[in-house]
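Participant: Return a 3D structure for these sequence lines:
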Amino acid sequence: MYASSGKSVAALALLALASCAVVPVHDAVLEDSRTYVYAVRSDPNVVAYAPVEIDQAVATLRRADEVAARGGSTNEIHDLAALARDRATLAKQSAQVKAADVAAQAERQRQEVAARARDAEAAQRAARDAQMQADASRQQAVVAQQQANTAQRQADSAQQQATSVQLQPLAGEGGFRGFREQMFDLRPALVDRGMVVTLDDIAFDRGAANLQPAGRQAVLRLAAYLTAHPELMISVEGFTDNTGNAYRNEQLSERRALTVQSALAASGVDARRIIVRGYGPAYPIASNETAVGRQANSRVEIVISDHGSVTPRG
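Facilitator: Next up is the predicted model:
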């Protein structure tokens, strides 16, 4: 009696276990479908892009397991196994299509970003080029303005030179005053030999005979007056301080005087009216003991006479 009741309890336990879970049946077709479905389900793309389709395949596979557990027909089990496999295949294909679409969209977006980056870089290059052209145009405008200013100054200077030729001859105190107004920077002085103007040492390159720009301008202004008064005679006389070799000093003084003569002649003054003399350190006008005095002694004096000739020194 006890044994019989124990068998009844065991049978009830097995029945309860069967009602709570489906025990897979070992069918080759079903096992093959199960392996395939769960292999597809393990694909991340399927989980991400075809979750509904793969869930349907798994549910169909469970129905096949349930039919097999109830002892259903082999045909129904195989049909459900095949349906589960088809739904897994559909999930796999759907996931592949959607993954490809996502990849294609991502590539399109990458290309669009790259295109925008290229457009932005091209715009930046164009902006830089435009800025460079604008800078070049401004520089050209500045140069053109400078050239225009220079041309205006030259025109003003030419006008002044044209006006200066209207000065009176040197004879008489009134003529001297008019000449002094035009040549005040050359310290014009009326002496017994005529009118004297002086080009300082700074009018020439240091230790050389080339005229500096300021010296050339002074000679040009003087040439304008002398051209307008062909009756005047000129003596260009060079001097130096007493430092260094006396012979070289005399040569330097004469070369500077010749430079002034050439500049006057190039500006239209008849060279036959000009006498050139180089005195070297002779006839100082200041002490050679100081730098200021030596600079004052290094000079070119231009003596202008209206007596037909210029009396030599000494």
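Participant: Which residue ranges of the chain form strands?
Facilitator: Under the criterion DSSP state E, the chain carries strands at the ranges 189-191, 194-200, 233-239, 274-278, 299-305.
Participant: nearest to E181, of these?
Facilitator: Distance to E181, taken as Cβ to Cβ, is lowest for strand 194-200 among the strands of the chain, at 12.9 Å. Any C-beta I mention is one placed from the backbone N, CA and C, and that applies to glycine too.
Participant: same for the closest one, what does it pack against?
Facilitator: Using 3 or more Cβ pairs under 8 Å, 6 or more residues apart in numbering; DSSP states H and E as the contact criterion, the secondary-structure elements in contact with strand 194-200 are strand 189-191, helix 213-228, strand 299-305.
Participant: winner for burial among the ones you listed?
Facilitator: strand 299-305 (a mean of 23; mean count of other Cβ atoms under 10 Å).
Participant: orientation of that strand relative to strand 274-278 in degrees?
Facilitator: Using axes from the mean of the first three to the mean of the last three Cα atoms, to 10 degrees, the interaxial angle of strand 299-305 with respect to strand 274-278 works out to 150 degrees.
Participant: Let's see strand 299-305 as PDB, backbone CA atoms only.
Facilitator: What follows is strand 299-305, C-alpha atoms only, in PDB (Å, rounded to 0.1, in the frame of the first residue of the first chain):
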ATOM      1  CA  ARG A 299      83.500 122.800 -49.100                       C
ATOM      2  CA  VAL A 300      83.000 123.900 -52.600                       C
ATOM      3  CA  GLU A 301      82.600 127.600 -53.300                       C
ATOM      4  CA  ILE A 302      80.800 128.800 -56.400                       C
ATOM      5  CA  VAL A 303      81.900 132.400 -57.300                       C
ATOM      6  CA  ILE A 304      79.500 134.200 -59.800                       C
ATOM      7  CA  SER A 305      80.700 137.400 -61.500                       C
END
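Participant: which strands and helices sit next to it?
Facilitator: Where contact means 3+ Cβ pairs under 8 Å, 6+ apart, strand 299-305 is packed against strand 194-200, strand 233-239, helix 246-266.
Participant: Please convert these to TSV, extending it with distance to A100.
Facilitator: Formatted as TSV, the entries for the helices and strands packed on strand 299-305 read as follows, by distance: least, Cβ to Cβ, whole Å:
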stretch	distance to A100
strand 194-200	93
strand 233-239	99
helix 246-266	89
